[in-house]
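Asks: Quick one: sequence plus predicted model below, questions after.
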Amino acid sequence: MTRIIFLLPLALPLLSAAPPQKAAKREPCVPATGLASPVVRDDNRLYFRGQPNPKYSYIAVFKGGRCPSLNRFSTVSIEASGSGYCEGDKVRALNPHSNIPGPVCVIDHLEPFAGDVDD
């Protein structure tokens, strides 16, 4: 019984700690009807701008990190699996000079982006 009493004061600070903050909600799918065409920005990331409200925009996060063939001059081709953009969809960037497609990049998830894609 003394062991329980001894451990209880050590556990109380853990019980009173604030709950951990939730990370931004990852989206497995986003309907294409609420988005403009995807845009590759200067930071070589793929953005989906919310239409008509740009506050509902998303950034594609790829499996394995960045998509190496994306740049702001490339044409993007997306193999969507449904009526929207979803995790698992395949993205390719076409080189603007040769029109040779780059390697396939797979969308891991779509991360909400509160800023304006056009900034």
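Replies: Cool, the structure landed. The structure displayed is predicted, hence computed values, not measured ones.
Asks: Could you list the buried residues of the longest strand belonging to the chain?
Replies: As assigned by DSSP state E, the longest strand anywhere in the chain is strand 105-113. Buried residues in strand 105-113, counting neighbours by 16 or more other Cβ atoms under 10 Å, are found at 105, 107-111, 113. Just so you know, the C-beta spots here come from the backbone N, C-alpha and C atoms, and that holds for glycine as well.
Asks: Assess the claim that Arg26 and His109 are in contact.
Replies: Yes - in this structure, Arg26 is within contact of His109 by Cβ atoms under 8 Å, at 4.3 Å.
Asks: And the helices in this protein?
Replies: Taking DSSP state H as the test, the helices found in the chain are 2-16.
Asks: Quick check: bridge partners of Leu94?
Replies: Using DSSP bridges, the beta-bridge partners of Leu94 come out as Thr75, Pro101.
Asks: ok, it - how many residues close by?
Replies: Neighbourhood size, Leu94 [other Cβ atoms under 10 Å]: 16.
Asks: Next: Ser57.
Replies: 25.
Asks: do the same with the one 5 residues further on
Replies: With neighbours defined by other Cβ under 10 Å, the count for Phe62 comes to 17.
Asks: nearest spatial neighbour of it, skipping sequence neighbours?
Replies: Cys105 (4.7 Å; Cβ to Cβ, 6 or more residues apart in numbering).
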